[in-house]
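In: 3D, please:
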Amino acid sequence: MHAPEMWKVSTGKGIKVAVVDTGVNPNTASLKGQVLADEVPKSIAYGVTEDYQGHGTAMGELIAGTGRGGGVKGLAPDAKIIPLRISLGSLKGQAGLNLTSSSAVGIRAAADSDAKIINLSFGGPSGVPEEAEAIKYAISKGKLLFAATGNDEKSAGATYRDFPAAYPGVVGVSAADETGTVGDFSHSGSYIDLASPGLNVPVWCDTTFQRYCPSQGTSQASAIASASAALIWSAHPTWTANQVLRTMIDTAGRTWDKATPSKYLGYGLIRPRLVLERPGIDPGPADVDPLSRENGTGGGAPAVPTSKPTSKGEGGVSTPWIVGAAVAGGLVIGGGILAALRTRRRA
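Out: Modelled structure (predicted):
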């Protein structure tokens, strides 16, 4: 992704990203000084800095890790993280379940915060009314939401959709490798909007936070997409969420017609560098949803996804799309293989 080149223009400074997840540990070497726990309302602040699974901390580092102490350097190292701890399935049976917020409460708190971007690296096969209303509320507050699209493509049915990624207004992100090929685990469907690096990504192996393991998942892809938006928004602070997203869509790498998004990679592979290197880029209207066809907010009939029988070969782009160890500057400490993280841990 040519991160060092992008960092000459933007490092995400001034942008806050809400990470709605399993909590974020602010004491890892890479996240010291990066986590704004004091900005979480006291009524839902229980355990926000106590990550019960390690997942939220890993996402926070992919977004805003500084790389200090041999840790992962995220794509937007000068952005800040607002941690919102929610109750997902892996918390079942653990202490504090009844004190931990639901996803709907967490999303509403993120909407009321100073975060411009909300990262939702979790998901499941059915929507929840309260969660759907919270999403609408966050969008009404001008937030830009990215979500994981799911890791079970091989076993999912053709009509499967992952929530919250499938809610109107949420940018669903699939996972691709350094060649631009979507991972065979990454869900496909009309709710896929963009693709992002999501294979061979370093994350914490467990909650001891002692070493990193390689991983794959749309959770990681969503986090890196959120970081990309932070870079762009930092460079263009007067833009709206619509404008940031529109430039990401317009510059995405694809070999197919923009009018027919891919069912595997949506509008293509994110290339924030192409936005940052063009200071005069036209972001389009501030108040027009760039995903209006998909979201039913105007612009004609919904976009019809392409339906290739396989995802292989869909990643070709005209500009090199390079990811160094998934996040430039990232250092993998130790070894081992971390199984692909499931995107929903809700009970």
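In: quick one, what contacts K258?
Out: Contacts for K258 (Cβ atoms under 8 Å, 6 or more residues apart in numbering) come out as 249, 267. For glycine as for every other residue, the C-beta is placed from the backbone atoms N, C-alpha and C.
In: Quickly find the element holding it.
Out: Assigned by DSSP states H and E, K258 belongs to neither a helix nor a strand.
In: Tell me where the model's unsure across the stretch 1-150 of the chain.
Out: Within the stretch 1-150 of the chain, no stretch has pLDDT under 70.
In: what about the strands in it?
Out: Using DSSP state E, counting those that start in this stretch, the strands found in the stretch 1-150 of the chain span residues 16-21, 80-85, 117-120, 144-148.
In: So K13 is in contact with A79, correct?
Out: Yes. If you go by Cβ atoms under 8 Å, K13 and A79 touch, sitting 7.3 Å apart.
In: picking up where we left off before, could you say which of the strands of the stretch 1-150 of the chain is packed most deeply?
Out: Most buried of the strands of the stretch 1-150 of the chain by mean neighbour count (mean count of other Cβ atoms under 10 Å) is strand 117-120; its value is a mean of 32.
In: do you know how far I224 is from S155?
Out: To S155, I224 is 25 Å away according to Cβ to Cβ, to the nearest Å.
In: Need the residue closest to the centroid of the chain.
Out: What sits nearest the mean C-alpha location of the chain, by Cα atoms, centre = their mean, is S222, with 2.1 Å.
In: isn't there a helix covering that residue?
Out: Yes. Counting by DSSP: H, G, I helix; E, B strand; the rest coil, S222 is part of a helix.
In: residues in contact with it?
Out: Residues in contact with S222, defined by Cβ under 8 Å, 6+ apart, are 59, 119-121, 146-149, 173, 196.
In: before we move on, back to that, okay, I224 and S155: which has more neighbours?
Out: Set side by side, I224 and S155 show more neighbours around I224, with 29 against 8, by other Cβ atoms under 10 Å.
In: In space, what's closest to the more buried one - neighbours in sequence excluded?
Out: Closest residue in space to I224, ignoring its immediate chain neighbours: S196 at 4.8 Å, by Cβ to Cβ, 6 or more residues apart in numbering.
In: And the pLDDT at that neighbour?
Out: For S196, the model assigns a pLDDT of 98.
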